[in-house]
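A.B. asks: What would the 3D arrangement of this be:
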Amino acid sequence: MNNELNGYVIYGKDSERETPLGVVSDTYDCQAISDYVPTRLKEFVVEIEDKRFYSHNGIDFKGVSRAIIENIKAGRMVQGGSTISQQLARNIIRDTSKTITRKLKETIKAIQIEKQYSKDEILNLYFNNVYFGKNIWGLRTAGLYYFGKEVEKLTQTELLYLLTILRGPNYYSKRPVITEKRYKNINRILLDRKIISKGRFQKNEKSKIIVTETQLSNFKNASIPFIANRIDDKKKTIKSSIEFKTQEFARKFVAESKYPVSIVALRKGKIVGFASSYGTDYPFISKSNVGSTLKPFLYCHLRKNGISEFEKFDAFRNNLNWEVREAGYYKSRLNLQEALFYSNNNSFLNAVGKVGFENSLNFLSDIFNKPETDFFPSSVLGATKNGISLYELALAYSNYFNCENLTDTKTECLSILNKVFYEKLGIRIENAFLKTGTTNDNKERYAVLGNADLVYAVLRNENELNDESKEGSFMNQISRSVSSMLKPNLNFVWI
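C.D. replies: Numbering: from 1, shown residues only. Predicted coordinates for the structure are as follows:
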């Protein structure tokens, strides 16, 4: 998808209301773009920041001279003297060092900007690139962050607040008393210079400003095809399938984890929340072996193809003479239900061998909508040619175990996974399931869990400093966090 959607704002659902979730960006910067800047705000910023904006060519020598005199009088830096074009140049260059070299680059860039663009275009560029604190860039992003509103919905009072904090957003946002004083001072200047009426001045004075500080995330371009319901190129918005509450939960789950993790949540095959320690595209583009998380699909396939619930298989050896690692010790022979519960590899290899590997591997190919050549005998243990992404894993569970097309065999499988849920998490929820998976090198850990409505897939990556056992603190985190989101569905019970 390249970067053509950079700066588009992503919306999700919060109950029945659409809420801004973040901005498309492949960098760390959170910067939404907009073709609209209120005319009044342009008038305000010229009056406050650069009175001779329309008469200079990028450098205001009178302003610089005045600033030097005022700074000498005060004995400290009280005025900067930078024009709007210079401020724009500084924001484009992204160099805040107080050096002569930086100032020279800024000056040259400002003159180039003046030659290349009209004054109105410069103001539009300025408001799309100006810094508003906390990694927020541009007027549109600032409106979404501070007030949860698009630019055209901001009141004049809210625009005035954004103008107030422009010179030092991180400084002013922490000092409400100083901010209020500056706000009133700017309001008075605009009245004295006849930019606003006395009535508008009084309204600005009396208005109570409520700052929301809406959490905004950066969504990489590669993740957009998986979440976008509708893209509006004119408004530069993306209406997504994400649910605000679930997204906040996913973001918090990753932020509070002691080790790198990724999480995806699907409802009826649609992504409603996702996050990752490695960026929002990681759950979609990173693929690897998924261990025993494929066993529930194989269980259903084997039962459907004649393996009875009573037939037992060797739990210590397999007919392929492979040496496979087991998570624990069992009886020498297990039936398929026991094999799924204990995630025994040998039993599954032997059962698949009886039904036929080619048949079983073609079944997995259909489940994941991948070429048959991606699957080979070791796929029974979770290995595939090109790997499976966390999203693909969650989607397979969401589609296959959808409550609308459950069969007796699938219900039987989910009943076993419900026991796994209780065994590993210590929480009894009637219609919840859990299946874990560990890759052969023990570096990546998977957990897929959910209920009749919602499916989560979680991946824990290796943490060399705290790589506890096979599950350990990973299961503890899931027990504390994810299971709380799986409320019992009284309209549907598997067992």
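A.B. asks: now L159, nearest residue through space, not along the chain?
C.D. replies: L41 (5.0 Å; CB to CB, 6 or more residues apart in numbering). Placement of C-beta: from N, CA and C, glycine included.
A.B. asks: Check which helix or strand the one you found maps to.
C.D. replies: Element membership of L41 [criterion: DSSP states H and E] is helix 39-49.
A.B. asks: Pull out the buried residues from that helix.
C.D. replies: 41-42, 44-49 (16 or more other CB atoms under 10 Å).
A.B. asks: Likewise for stretch 318-328?
C.D. replies: Applying 16+ other CB under 10 Å to stretch 318-328 flags 318, 320, 324 as buried.
A.B. asks: any idea which element the last one lies in?
C.D. replies: Under the criterion DSSP H and E, no helix or strand holds V324.
A.B. asks: Any stretches of the chain with poor pLDDT?
C.D. replies: 1-2, 61-81, 439-444, 462-472, 487-495 (pLDDT under 70).
A.B. asks: Show residues contacting the one helix or strand E106 maps to.
C.D. replies: If you go by DSSP H and E, E106 is part of helix 100-116. Helix 100-116 has contacts (CB atoms under 8 Å, 6 or more residues apart in numbering) with 57-59, 82-83, 85-86, 88-90, 92-93, 95-96, 122, 125.
A.B. asks: make it 6 Å
C.D. replies: Helix 100-116 is contacted by residues 57-58, 85-86, 89-90, 95 when judged by CB atoms under 6 Å, 6 or more residues apart in numbering.
A.B. asks: can you give me how far it is from the chain middle?
C.D. replies: 36 Å (CA atoms, centre = their mean, to the nearest Å).
A.B. asks: and what of stretch 95-102?
C.D. replies: Centroid separation for stretch 95-102 versus its chain: 34 Å, with CA atoms, centre = their mean.
A.B. asks: And stretch 303-319, by the same measure?
C.D. replies: Distance, centroid of stretch 303-319 to centroid of chain: 42 Å (CA atoms, centre = their mean).
A.B. asks: Now do that stretch: distance from first to last residue.
C.D. replies: Distance between the two ends of stretch 303-319: 19 Å, counting by CA to CA, to the nearest Å.
A.B. asks: What residues sit buried inside it?
C.D. replies: When burial is assessed from 16+ other CB under 10 Å, stretch 303-319 yields the following buried residues: 303, 307, 312-313, 315, 318.
A.B. asks: from those, which ones fall inside strands?
C.D. replies: Among the buried residues of stretch 303-319, the members falling in strands (DSSP state E) are 312-313.
A.B. asks: What is the nearest of the buried residues of stretch 303-319 to V482?
C.D. replies: V482 has its nearest neighbour among these in R303, at 27.7 Å by CB to CB.
A.B. asks: contacting residues for the closest residue to the closest one other than its chain neighbours?
C.D. replies: Ranked by CB to CB, 6+ apart and with sequence neighbours excluded, the top spatial neighbour of R303 is T409, at 4.8 Å. With contact set as CB under 6 Å, 6+ apart, T409 has these partners: 300, 303-304.
A.B. asks: In a markdown table, list those along with distance to A255.
C.D. replies: Output for those, formatted as a markdown table (distance: CB to CB, whole Å):
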| residue | distance to A255 |
| --- | --- |
| C300 | 36 |
| R303 | 41 |
| K304 | 42 |
